[in-house]
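S.K.: dropping a prediction and its sequence here:
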Amino acid sequence: MPMDPFQPIFYLRNHGVEILEVGTVLGLFTAVGGLLGIVTGGLLGDKLRENYPMVGCI
């Protein structure tokens, strides 16, 4: 899910959440999602490379 630039404003205006809370929560979600994606992608690439050596060229 791409980070929508209007997402923090949406939470501020419609849900009455403070800017500090919005930044913290969205930042943590982005960081955790990025970390999980990097680790999962690396593990999946290693597994695929065992059977398909050319997968690294894609």
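M.R.: Ah, there it is.
S.K.: how about the helices in this protein?
M.R.: 7-15, 19-51 (DSSP state H).
S.K.: ranking those by burial, who's on top?
M.R.: Sort the helices of the chain by mean neighbour count, taking mean count of other C-beta atoms under 10 Å, and helix 7-15 sits at the top with a mean of 12. To be clear about C-beta, it is placed using only N, CA and C from the backbone, and glycine gets the same treatment.
S.K.: which residues sit against it?
M.R.: Contacts with helix 7-15, where a contact means C-beta atoms under 8 Å, 6 or more residues apart in numbering, come from 4, 17-19, 22-23, 26.
S.K.: go again with 10 Å.
M.R.: With C-beta atoms under 10 Å, 6 or more residues apart in numbering as the test, helix 7-15 has contacts from 1, 4, 6, 17-19, 21-23, 25-26.
S.K.: lowest-confidence one in those residues?
M.R.: Model confidence across the contacts of helix 7-15 bottoms out at Met1, which has 52.
S.K.: okay, the helices of the chain in JSON lines with distance to Ile58 next?
M.R.: Shown next, in JSON lines, are the helices of the chain (distance: least, C-beta to C-beta, whole Å):
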{"stretch": "helix 7-15", "distance to Ile58": "32"}
{"stretch": "helix 19-51", "distance to Ile58": "9"}
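S.K.: among these, show the one with the smallest mean pLDDT.
M.R.: Across those, helix 7-15 has the smallest mean pLDDT, namely a mean of 91.
S.K.: between it and helix 19-51, how many degrees?
M.R.: Counting by axes from the mean of the first three to the mean of the last three C-alpha atoms, to 10 degrees, helix 7-15 lies at 130 degrees to helix 19-51.
S.K.: numbering from 502 from now on, please.
M.R.: Done: numbering now begins at 502, and the last item shifts to helix 508-516.
S.K.: what distance separates helix 508-516 from the middle of the whole chain?
M.R.: A distance of 20 Å separates the centroid of the chain from that of helix 508-516, by C-alpha atoms, centre = their mean, to the nearest Å.
S.K.: cool, stretch 506-514 as well?
M.R.: Per C-alpha atoms, centre = their mean, the centroid offset for stretch 506-514 relative to its chain is 18 Å.
S.K.: now for Asp547: which residues touch it?
M.R.: Residues in contact with Asp547 (C-beta under 10 Å, 6+ apart) are 556-557.
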